[in-house]
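# Take this sequence and fold it.
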Amino acid sequence: MRQRFSKYIAAGLGLVAAAALVIAPAQAEEKTDFKFAWSIYVGWMPWGYAADSGIVKKWADKYGITIEVVQFNDYIESINQYTAGAFDGVTLTNMDALSIPSAGGVDTTAIIIGDFSNGNDALILKGEGGLADVKGQKVNLVEYSVSHYLLARALQSIGLTEKDVTVVNTSDADMVAAFGTAEVTSVVTWNPLVAEILAMPNATNVFDSSKIPGEIIDMAVVNTETLKDNPKFAQALAGIWYETMSLMSADTPEGAEARAAMGTASGTDLEGYEAQLAATKMFYTPASAVEFTTSSALPDTMNLVRAFLFEHALLGADAGSADFIGIEVPGGTVLGDADNVKLRFTETYMKAAADGAL
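Purely as a prediction, here's the structure:
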């Protein structure tokens, strides 16, 4: 039975859903009990494993707090619940962080950059050919998701725009079956759906996320106001994450056992999970995550992302330009409106892990 992965549901639809909620951001106060949400995806399976294996409790106890780690089967619903204040932190992509909680007015800080897609997302055509052959075709994808973003970047790479194709909004649950029909000639989707489709006759990968490395980022974020009064929450999360990273990346029986457990929990097995990891650039060490987060590539990527979101009216009804929402990157530089910063990236807690200071 194929496991449905809902990581990349349309951000625009999620924003609408979030707006329907009574938004009550987590209150800024010192507290001891925290809730963290995650959803099924190759780069986020470590959170579930850490909770099941006792790693979460170990680090929470160290800081004298409790952390409830909750799995959601619906990715967008996890973000909506975070945006509404029901959770103190959540796993999401850089694009969805900007288009949902930040656009919804919730000041959010990315404390852990876990990985980026490095082949997990792909544009697949039916039959032989290359990227240029997509011109004039209908392209089936989850509209306003990172699949939509990948298509835009693919077209841009050969001097085309979305006007040169017709986007057909298609549920991720229907993508594999859709590709098998005569009327569907091209799709954009993510793993494990990519692997399933590429195993079908006449399927050709003409562009994937390895061509835009570092742009589809998976991360853990927390409410900024909660973070200000409770840095121990972020310290514990960083400790949890990097202990789990060290374990799962080890070429040992224990490492293989951890990866196998994550694979089973995500609906596959050790071999299937490791195949997905191979198409994911995991930052197993905090030092590698710090290097990525503090590089000039991050603001360049966020400029591309915010331009895409503004073009598709996903930065909020009041957004008059891509500068509407301020994005703060390490070093204090702000992209966009410095008086309306709602998304922040910090290397603080990853660096503390790298320095052995947790």
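# need the helices for the stretch 251-358 of the chain, in chain order.
253-265, 270-278, 286-293, 297-311, 348-354 (DSSP state H, counting those that start in this stretch).
# same thing with the stretch 51-200 of the chain?
So, for the stretch 51-200 of the chain - with DSSP H, counting those that start in this stretch - the helices run 55-62, 75-83, 94-97, 146-157, 175-179, 193-198.
# from the chain's centre, how far out does the shortest one sit?
Taking C-alpha atoms, centre = their mean, to the nearest Å, one finds the center of helix 94-97 at 7 Å from the center of the full chain.
# Export only the CA atoms of that helix, formatted as CSV.
What follows is helix 94-97, C-alpha atoms only, in CSV (Å, rounded to 0.1, in the frame of the first residue of the first chain):
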residue,chain,number,x,y,z
ASN,A,94,11.0,27.8,3.7
MET,A,95,8.3,28.7,1.2
ASP,A,96,5.4,27.6,3.3
ALA,A,97,6.9,29.4,6.4
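# for it, packing partners?
helix 11-20, strand 108-117, helix 146-157, strand 217-223, helix 297-311 (3 or more C-beta pairs under 8 Å, 6 or more residues apart in numbering; DSSP states H and E). For the C-beta atoms, the positions are set from N, CA and C on the backbone; glycine is no exception.
# can you check the second one too?
Other elements packing on helix 75-83 under the criterion 3+ C-beta pairs under 8 Å, 6+ apart are helix 11-20, strand 33-39, strand 89-93.
# What degree of burial does F324 show, as a neighbour count?
When neighbours are defined as other C-beta atoms under 10 Å, F324 has 18 of them.
# Could you report the pLDDT at it?
F324 is assigned 97 on the pLDDT scale.
# which ones are touching it?
If you count contacts by C-beta atoms under 8 Å, 6 or more residues apart in numbering, F324 has them with 310, 315-316, 318, 336-337, 340.
# quick one: buried residues of stretch 342-358?
Residues of stretch 342-358 classed as buried by neighbour count (16 or more other C-beta atoms under 10 Å): 342-354, 358.
# what do you get for stretch 100-107?
For stretch 100-107, by 16+ other C-beta under 10 Å, it's 100-104, 106-107.
# Which of the helices of the stretch 251-358 of the chain has the highest mean neighbour count?
Sort these by mean neighbour count, taking mean count of other C-beta atoms under 10 Å, and helix 348-354 sits at the top with a mean of 22.
# follow-up on the earlier one: okay if I get the helices and strands packed on helix 94-97 as JSON lines plus mean pLDDT and distance to E77?
Shown next, in JSON lines, are these (pLDDT from 0 to 100; distance: least, C-beta to C-beta, whole Å):
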{"stretch": "helix 11-20", "mean pLDDT": "44", "distance to E77": "8"}
{"stretch": "strand 108-117", "mean pLDDT": "98", "distance to E77": "17"}
{"stretch": "helix 146-157", "mean pLDDT": "96", "distance to E77": "17"}
{"stretch": "strand 217-223", "mean pLDDT": "98", "distance to E77": "16"}
{"stretch": "helix 297-311", "mean pLDDT": "97", "distance to E77": "20"}
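# now those in JSON lines, with distance to E257?
Formatted as JSON lines, the helices and strands packed on helix 94-97 follow (distance: least, C-beta to C-beta, whole Å):
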{"stretch": "helix 11-20", "distance to E257": "35"}
{"stretch": "strand 108-117", "distance to E257": "21"}
{"stretch": "helix 146-157", "distance to E257": "31"}
{"stretch": "strand 217-223", "distance to E257": "23"}
{"stretch": "helix 297-311", "distance to E257": "34"}
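# Out of the ones you listed, flag the one nearest E243.
Closest of the helices and strands packed on helix 94-97 to E243 is strand 108-117, at 12.6 Å (criterion: C-beta to C-beta).
# Now find how far off-centre stretch 321-341 is within its chain.
20 Å.
# Just the buried positions in it, please.
Going by 16+ other C-beta under 10 Å, stretch 321-341 has these buried residues: 322-330, 334-336, 341.
# Which pair in those residues has the greatest spatial separation?
Top of the distance list for the buried residues of stretch 321-341 (C-beta to C-beta): F324 and P330, 21.8 Å.
# Can you tell me the centre-most residue of this protein?
In the chain, the residue lying closest to the centroid (C-alpha atoms, centre = their mean) is T93, at 2.4 Å.
# Specify the beta-bridge partners of that one.
As for beta bridges, T93 partners with D218 under DSSP bridges.
# I'd like to know how far it sits from V146.
Note on T93: its distance to V146, by C-beta to C-beta, to the nearest Å, is 6 Å.
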